[in-house]
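Q: missing the sequence, but the structure's below:
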């Protein structure tokens, strides 16, 4: 009889606990958000991730009824920003505006001080073609000539990126793998700094997202040789694709995605996703994305489950290239 009573009380406790957890999640969803939301960007102000984050933040604010404040925590290829979000309470009030860097950190950094897989995807924001660019005085007239110069000069040339693990760093690795020749890789603390040195002529080459350089390309401040997607970018119709220009192995897109800390309640994830979807229906936002050379996300990848699956697939895709390049850091 005692065992029967004990089992009954245990069953009742489990039911009450489960109901309490569900009720807490429903309550959290009903009340959320209760204060401003910090959207952490792991790169410097003015870079491509920062530009898109500041574009979507006001529209998400309008839908959520609370300010979404963009905060930059740059350095270490995006891992400093991710570490900040990983340490935050999983209540939806601190989120990460992530990028391809979130698919490289698990391979690049052996001991990051946090679990790099402990993120809850909210949804993809956009995909971005990459462009192969150079200082305005670089002597190549087209991509074939650029490849010939790289193969001839090798390590005497320098190629800037926004830091180890950044999208521009991966673009650089893929480009050099396709060409088959190493050059001197120069990490910066952000894409804007790379652009400054390219425009100023103190840096030879770059491989960067069109959101960060479409305006400079159109203005003639830098030279552009190819777009890293199978077709030309809408924002830069005069620039050939890498396939057209004779380097089909150089094919990739950057991307941005919103994440919450691991363990965030499903109702909060769903509420943030609704705000993101509302943002992606805002014609002002999407038109500006296209002007910047970016493609607004659509379809399954805008859902939490679809975004999570895509993120894990990207981790698997880039792991062999990173390891082959010997880019592991402590």
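A: Cool, the structure landed. These numbers come from a predicted model, not from an experiment.
Q: residue nearest the centroid of this structure?
A: Residue closest to the average C-alpha location in the chain (Cα atoms, centre = their mean): residue 99, at 0.9 Å.
Q: how far off centre is stretch 132-142?
A: Its chain's C-alpha centre and that of stretch 132-142 lie 26 Å apart, by Cα atoms, centre = their mean, to the nearest Å.
Q: number the chain from 841, please
A: New numbering, starting at 841: the last item is stretch 972-982.
Q: quick one: the helices in the stretch 1041-1170 of the chain?
A: 1050-1059, 1106-1120, 1123-1131, 1144-1164 (DSSP state H, counting those that start in this stretch).
Q: got the contact list for the last one?
A: By that I understand helix 1144-1164. Outside of helix 1144-1164, the residues within contact range by Cβ atoms under 8 Å, 6 or more residues apart in numbering are 940, 942-944, 946-948, 959-964, 1010, 1013-1014, 1017, 1095, 1097, 1109-1110, 1113, 1139-1141, 1168. Heads up, the C-betas are built off the backbone N, CA and C, glycines and all.
Q: which ones among the residues you listed are found in strands?
A: Those of the contacts of helix 1144-1164 mapping onto strands are 959-964, 1095, 1097, per DSSP state E.
Q: ok, which pair from those residues is furthest apart?
A: For those, with distances taken as Cβ to Cβ, the pair at the greatest spread is 960 and 1095 (16.9 Å).
Q: quick one on the thing from earlier: most neighbours of all the ones in strands among the contacts of helix 1144-1164, which one?
A: residue 962 (31 neighbours; other Cβ atoms under 10 Å).
Q: possible to save the helices of the stretch 1041-1170 of the chain as CSV with mean pLDDT?
A: What follows is these, written out as CSV (pLDDT from 0 to 100):
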stretch, mean pLDDT
helix 1050-1059, 89
helix 1106-1120, 98
helix 1123-1131, 93
helix 1144-1164, 94
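Q: could you identify which of those is most buried?
A: Mean neighbour count, computed with mean count of other Cβ atoms under 10 Å, is highest for helix 1050-1059 among those, reaching a mean of 21.
Q: residue 957: how many residues sit nearby?
A: So residue 957, with other Cβ under 10 Å, has 12 neighbours.
Q: so what's it up against?
A: Counting by Cβ under 8 Å, 6+ apart, residue 957 makes contact with 946, 1102.
Q: how near is it to residue 947?
A: Between residue 957 and residue 947 the distance is 11 Å, computed by Cβ to Cβ, to the nearest Å.
Q: for the protein, what spans make up the strands?
A: 877-881, 908-912, 934-939, 959-974, 998-1001, 1024-1027, 1045-1049, 1063-1067, 1093-1101, 1135-1136.
Q: how near is residue 993 to residue 1149?
A: Applying Cβ to Cβ to residue 993 and residue 1149 gives a distance of 42 Å.
Q: same check, this time on residue 1077
A: Distance of residue 1077 to residue 1149, computed by Cβ to Cβ: 32 Å.
Q: residue 1095 now?
A: Applying Cβ to Cβ to residue 1095 and residue 1149 gives a distance of 13 Å.
Q: now render the strands of the chain as JSON lines, adding distance to residue 1073 and mean pLDDT.
A: Shown next, in JSON lines, are the strands of the chain (distance: least, Cβ to Cβ, whole Å; pLDDT from 0 to 100):
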{"stretch": "strand 877-881", "distance to residue 1073": "23", "mean pLDDT": "98"}
{"stretch": "strand 908-912", "distance to residue 1073": "25", "mean pLDDT": "98"}
{"stretch": "strand 934-939", "distance to residue 1073": "18", "mean pLDDT": "97"}
{"stretch": "strand 959-974", "distance to residue 1073": "5", "mean pLDDT": "96"}
{"stretch": "strand 998-1001", "distance to residue 1073": "20", "mean pLDDT": "96"}
{"stretch": "strand 1024-1027", "distance to residue 1073": "25", "mean pLDDT": "94"}
{"stretch": "strand 1045-1049", "distance to residue 1073": "11", "mean pLDDT": "93"}
{"stretch": "strand 1063-1067", "distance to residue 1073": "5", "mean pLDDT": "97"}
{"stretch": "strand 1093-1101", "distance to residue 1073": "10", "mean pLDDT": "96"}
{"stretch": "strand 1135-1136", "distance to residue 1073": "9", "mean pLDDT": "92"}
